[in-house]
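# Show me how the following folds:
(chains A and B)
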Amino acid sequence: MKSRQLLALTASALALPGIAPAARADTPPTENTLSYRISRYAEDDLPGQYLVAGSAERYDINIHQFQLVTPVGEEYGLTLTSSYESMSGASPWFTVPAFGDEKTVVMSGATIHEQRRDFNVALRRYLDNGNYAFNIGASDENDYEAWSGGFDMARNFNNDLTTIAGGVSFSSDDLSPTDASLFNRVTDESKRTSSAFMSVSQVIDRNSLFQSSLNVTYHSGFLTDPYKLGDSRPGSRTQIAWSNAYRRYLAGPDAALHVDLRLYDDDFGINSVTLDLSWYQNLGDNWQVAPRLRYYSQSAADFFTPVNDVSGLLAFNSSDYRLAAYGAISGGIQVQTTIDDVTLSFVAERYLSDKGYSLYDGDTSPALVDFTRLSLGIGYRF
Amino acid sequence: MGSPCQVQLQGEAPALLQSVGVQLEAEARRLEAKYSRFLPDSLTTRINQAAGSGSPVAIDEETARLLDYADTCWRQSDGLFDITSGSLRSLWDYHDLADRQALPTAADIEKALVKIGWQKVERGEDSVALPQPGMEIDFGGIVKEYAADCLATLAERAGVASGLVELGGDIRLVGIVPETKAWQVGIRDPFDTSRACAHISLSQGALASSGDYERYTVIQGRKYSHILNPLTGWPVSGYSSVSVVAEQCVIAGTVATIAMLRGTEGETWLKELGLPYLSIDQDGRIGGSIAGDLSGVVNNGETG
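Next up, the predicted model:
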């Protein structure tokens, strides 16, 4: 804690023009960066004792991401992002009661093969005291099409030590599930999403930064999962998330500590808390190793039922594990190296979810997922 | 700046470093031209020449904020750090008093003190006036350190990753370096200013020193330092030199100066502030929170 005298001197010194710590200057990119990343996301197979029908093999996803960041004129930066995902595996279809308290899962019978393509373009203008950007994007699958757009801006105050940012985004999604007549699925549905955020960042001193942001998202339309049997969800959902981030550089070990805490609430009845800790350790000039630990827990949605309701008495009902009460712990490591104009990075992450990790009481699902993610990226500046 | 200055910038783009170097030199010259009390057309000289004339001198934002900072220092030092105390200097002239072996008379001191007192300065938001003829202000205790901060900030804003700005012994780093690559900064030996009596490693921020380096007057066998108390008009006896580490050079510099001015109370003030510091007393003993392994005695060029 700084003494009263030092606080008085510091406040007065920071009012001097040209003395404030150089915060993050808003500068447009001055060179091109082309990057590519391949990631493999593999869900563990469903344990045999929980499976009554279908395939125990859950999703495997291969993701290819491309990004080009390029300066346009003196004040603009253009970012093009594209990704291609190929998915295969089975997903939980519905859950049925077994003996006692046990529940078992019926998986979709056949292995699903799907591809998703995604394209996004963002143009950002950099000003002396802030920046703003527009972006539009499109996403396409054989049974799903989405358009999105957004605007965000940031303005720096107080000698660039304080930044206030805000933004809005919209998306429009159309669903046309496959095999609709065979499984009595909906044929053509849509949903709309609008989202807004506001954030404040404060440079505390040369080594540390705090950011707090509030995000509100409203979904309306068809929010049910058409591929889950007996799934029926309300026609709107409002989500509020409050995120806090603290960053601190430590010159001693030449490392940075990142602490993130997120609190979430929605009108499906889900509350959640996420705590994320990362340690970015520089090793020499060219290497960085960053271990990461993350904890997540959520309560169950009001209409979550561990087994699917077949009575037809409940207006809303879902056994989707993503709406269950559970907790998850994940750990990972990122290794990055820079050789001249080329940056290589490798990420490995292991994610485990379990009712036992949950902070919340409430019903859980036997279909909780565990997964491993591996990712390799290369970036080139020119 | 009236003393040796150096700037070292590190980075991958020589052209950028070169152009930043030119900008920094221009900024240092701008501040010197504006605030030096030795230049006949500086703002400081114009303010001092208008003393007692009754007409305020117009000042810009930068000068107003510097005067605010001087005001904060004056308040936090209980009136000891006073940018109007310059006229005491001629009273305690090193050579003159030593030659005559005479102390200033009480009447001389009384006369000088009339022209001293930050509280007498008439300030408007965009003007300043010194009410008494012969009264003067001197930014010397602030502007050199402020300039080091300005230069380092300019370099950081221009994208220079790391570097060092030294203006007459006061240092401000550009950027942050890991402790393994910290800059080794020498602390000037107050008994032999051509050498360093200690080195400390600095990975960010600033280091500034204040001392009575060789500037003392021996009158009738007694040493009088040139650190002058503006409230009594008499030299202060305390540390021989104090070096302070802070995020901003201007803070390091004024804290070190106030510690000198507080005399025997200097240590209490430094401990209250909590900034890392290194002190050397009149007998050459090294102390302070960053003395660590350096503890020892410096005397006439000997490190004990």
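
# For residue 240, identify the helix or strand it belongs to.
If you meant another chain, say so; for now it's chain A. strand A:236-250 (DSSP states H and E).

# my bad, chain B
Going by DSSP H and E, B:Ser240 is part of strand B:239-246.

# So what touches that strand?
B:187-188, B:190-191, B:200, B:202, B:205-213, B:251-253, B:255-256, B:259-260, B:266, B:270, B:275-282, B:284, B:288, B:290 (CB atoms under 8 Å, 6 or more residues apart in numbering or on different chains). To be clear about C-beta, it is placed using only N, CA and C from the backbone, and glycine gets the same treatment.

# Out of the residues you listed, which end up buried?
Those of the contacts of strand B:239-246 that meet the buried threshold are B:187-188, B:190-191, B:200, B:202, B:205-213, B:251-253, B:255-256, B:259-260, B:266, B:270, B:275-281, B:284, B:288, B:290, by 16 or more other CB atoms under 10 Å in any protein chain shown.

# Show the contacting residues for B:Val174.
When contacts are counted by CB under 8 Å, 6+ apart, B:Val174 is found next to B:Leu9, B:Ala152, B:Ala155, B:Glu156, B:Val160, B:Ala161, B:Ser162, B:Gly163, B:Leu164, B:Val165.

# change it to 6 Å
Going by CB atoms under 6 Å, 6 or more residues apart in numbering or on different chains, B:Val174 touches B:Ala152, B:Ala155, B:Glu156, B:Val160, B:Ser162, B:Gly163.

# residues near the fifth one, how many?
So the one you mean is B:Ser162. B:Ser162 has 19 neighbours, counted by other CB atoms under 10 Å in any protein chain shown.

# what does the last one give?
Here the neighbour count serves as a burial measure; for B:Gly163 (other CB under 10 Å) it reads 24.

# One more: the second one?
Here the neighbour count serves as a burial measure; for B:Ala155 (other CB under 10 Å) it reads 29.

# Assumed it was part of a helix.
Yes - under DSSP: H, G, I helix; E, B strand; the rest coil, B:Ala155 falls within a helix.

# how many neighbours does the closest residue to A:Ser169 other than its chain neighbours have?
Take A:Ser169 and drop its neighbours on the chain: the residue closest to it by CB to CB, 6 or more residues apart in numbering or on different chains is A:Gly150, 3.3 Å away. Residues near A:Gly150, counting by other CB under 10 Å, number 19.

# In which helix or strand does A:Gly150 reside?
With DSSP H and E as the criterion, A:Gly150 is inside strand A:144-157.

# Show residues contacting that strand.
A:129-139, A:163-165, A:167-175.

# among those, which ones are buried?
A:130-133, A:135, A:137, A:139, A:163, A:165, A:167, A:169, A:171, A:173, A:175.

# can I get those residues in a markdown table with distance to B:Leu67?
Converted to a markdown table, those look like this (distance: CB to CB, whole Å):
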| residue | distance to B:Leu67 |
| --- | --- |
| A:Gly130 | 31 |
| A:Asn131 | 35 |
| A:Tyr132 | 37 |
| A:Ala133 | 41 |
| A:Asn135 | 47 |
| A:Gly137 | 53 |
| A:Ser139 | 59 |
| A:Thr163 | 30 |
| A:Ala165 | 35 |
| A:Gly167 | 41 |
| A:Ser169 | 48 |
| A:Ser171 | 55 |
| A:Asp173 | 61 |
| A:Leu175 | 67 |
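
# Lowest-confidence one in those residues?
Minimum pLDDT for the buried ones among the contacts of strand A:144-157 is recorded at A:Leu175 (86).

# doesn't A:Glu189 make contact with it?
Yes - judged on CB atoms under 6 Å, A:Leu175 makes contact with A:Glu189 at a distance of 4.8 Å.

# circling back: check which strands are paired with the strand holding A:Gly150 and give the direction for each one.
strand A:130-141 (antiparallel), strand A:162-175 (antiparallel) (DSSP bridges).

# so which of those strands comes closest to B:Lys223?
Of all the strands paired with strand A:144-157, strand A:162-175 sits nearest to B:Lys223, with 50.2 Å by CB to CB.

# so how far is the closest one from its chain's centroid?
14 Å (CA atoms, centre = their mean, to the nearest Å).

# Assign a three-state SS to B:Val143, would you?
At B:Val143, secondary structure determined by three-state DSSP is helix.

# which ones are touching it?
B:Val143 sits in contact with B:Tyr35, where contact means CB under 6 Å, 6+ apart.

# looking only at pLDDT, what's the mean for stretch A:296-316?
Mean pLDDT, computed over stretch A:296-316, is 84.

# what does it rub up against?
Taking CB under 6 Å, 6+ apart as the rule, stretch A:296-316 contacts A:94-97, A:103, A:230, A:232-234, A:268-274, A:317, A:319, A:323-325, A:327-328, A:358-360, A:362-363.

# do stretch A:354-373 as well
Here stretch A:354-373 makes contact (CB under 6 Å, 6+ apart) with A:41-44, A:50, A:92, A:103, A:105, A:297, A:299-300, A:304, A:306, A:321, A:324-327, A:329, A:349-353.

# if we can go back for a sec, among the buried ones among the contacts of strand B:239-246, which are in reach of chain A?
Within the set of the buried ones among the contacts of strand B:239-246, contact with chain A (CB under 6 Å from any CB of the partner chain) is found for B:Ile251.

# Among the buried ones among the contacts of strand B:239-246, name the ones in strands.
Among these, the ones falling in strands (DSSP state E) are B:187-188, B:200, B:202, B:206-211, B:277-281.

# Specify which member of those residues is nearest to chain A.
B:Leu202 (9.8 Å; CB to the nearest CB).

# so the closest one bridges to which residues?
Bridge pairing for B:Leu202 - DSSP bridges - gives B:Trp183.

# Show the contacting residues for it.
Applying CB under 6 Å, 6+ apart, we find B:Leu202 in contact with B:Ala182, B:Trp183, B:Val185.

# residues near B:Leu103, how many?
18.

# got a list of what it touches?
So B:Leu103 contacts B:Ile219 (CB under 6 Å, 6+ apart).

# now swap in B:Gly175 and tell me
B:Gly175 makes contact with B:Glu156, B:Ala161, B:Ser162, according to CB under 6 Å, 6+ apart.

# Within reach of chain A, which of these are there?
Among these, the ones lying close to chain A by the criterion of CB under 6 Å from any CB are B:Glu156.

# give me phi/psi at the residue in the stretch 101-250 of chain A positioned nearest to chain B?
Chain B sits closest to A:Arg206 of the stretch 101-250 of chain A, with a gap of 6.0 Å, by CB to the nearest CB. Per-residue torsions, A:Arg206: phi -60, psi -20 (degrees, to the nearest 10).

# ditto for B:Asp96
Dihedral pair for B:Asp96: phi -60, psi -50, per degrees, to the nearest 10.

# Could you report the neighbour count for it?
13.
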